[in-house]
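Undergrad: only geometry, no sequence info:
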C-alpha cells in the first residue's frame, strides 16, 4: 500500500517578490482608450493585453478595480487597444501618469464609434466589449475585434520595471 504524502500549506506570497517575478515576463505596451458616458476621451497605459481567440476574434486586457478609469471602461461599449511603437515611450509615460489632458501628446484620431486611436502605433485593435468580469483586484475586459491594422515599426516593450526595445531575432 502506497502512502500519500501529507500536504504542506505553501508559505504566504510576498507581494514585492511576486511583482518582481511577474516583471521578468516581457510585455508589449499599449494605451487602451474609450469614450465615457459624456463622450469625453479616456485612456491609460496598459501592459496586461493578450490575444484570446482568432475565431471569433477576441482580445483581453485587465484594469485595476480601483483605477479612476474603471467606471468609464465598465460602461463603454467600445474600446481601442493601441500597441505602442518604441518611439512612443513619451506617450506611454504621459498616459501612465495622472495628467489632466493625456491626449495632448500624440496624433489621436477618431476610430470606430469615435473611440480615439493613435497614428503611428505598431498595431491598433478597435473592439466591442463583450464581457467584463471581476478577477481579484482587477477587472477583465474581453473585446471582439471589429477592425485592426498594423505598421512595420518596432514595438515598445516593458520588462523588469523598464521600457525596452526589441533585440535581434534568434
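TA: Now that the structure is in, tell me what you want to look at. What you see is a predicted model, and the numbers here were worked out from it, not measured in a lab.
Undergrad: in this protein, which spans are helices?
TA: Assigned by DSSP state H, the helices in the chain fall at 15-23, 70-75, 89-96.
Undergrad: what's the least confident helix or strand in the chain by mean pLDDT in contact with?
TA: Within the chain, no helix or strand scores below helix 15-23, which has a mean of 88 by mean pLDDT, DSSP states H and E. Contacts of helix 15-23 from elsewhere in the structure, counted by C-beta atoms under 8 Å, 6 or more residues apart in numbering, are 159, 160, 161. Glycine gets a C-beta too; all of them are placed from N, C-alpha and C.
Undergrad: got the residues you listed as CSV, with neighbour count columns?
TA: Below are the contacts of helix 15-23 laid out as CSV (neighbours: other C-beta atoms under 10 Å):
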residue, neighbour count
159, 13
160, 11
161, 8
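Undergrad: Just the closest of these to residue 96, please.
TA: Nearest to residue 96 out of these is residue 161 (C-beta to C-beta; 12.0 Å).
Undergrad: What about the nearest residue to the closest one once chain neighbours are set aside, how many residues nearby?
TA: Distances taken as C-beta to C-beta, 6 or more residues apart in numbering put residue 23 closest to residue 161, at 5.7 Å, once the chain neighbours are dropped. Neighbourhood size, residue 23 [other C-beta atoms under 10 Å]: 15.
Undergrad: residue contacts, residue 64?
TA: By C-beta under 8 Å, 6+ apart, the contact list for residue 64 reads 70, 137, 138, 139.
Undergrad: Name the stretch among the helices of the chain that sits most buried.
TA: The highest mean neighbour count among these, using mean count of other C-beta atoms under 10 Å, belongs to helix 89-96: a mean of 18.
Undergrad: Point out the other elements, helices or strands, that that one touches.
TA: Applying 3 or more C-beta pairs under 8 Å, 6 or more residues apart in numbering; DSSP states H and E, we find helix 89-96 packed against strand 30-35, strand 41-46.
Undergrad: Let me know the pLDDT of the nearest residue to residue 57 once chain neighbours are set aside.
TA: Nearest residue to residue 57, sequence neighbours excluded (C-beta to C-beta, 6+ apart): residue 145, at 3.9 Å. On the pLDDT scale, residue 145 is placed at 98.
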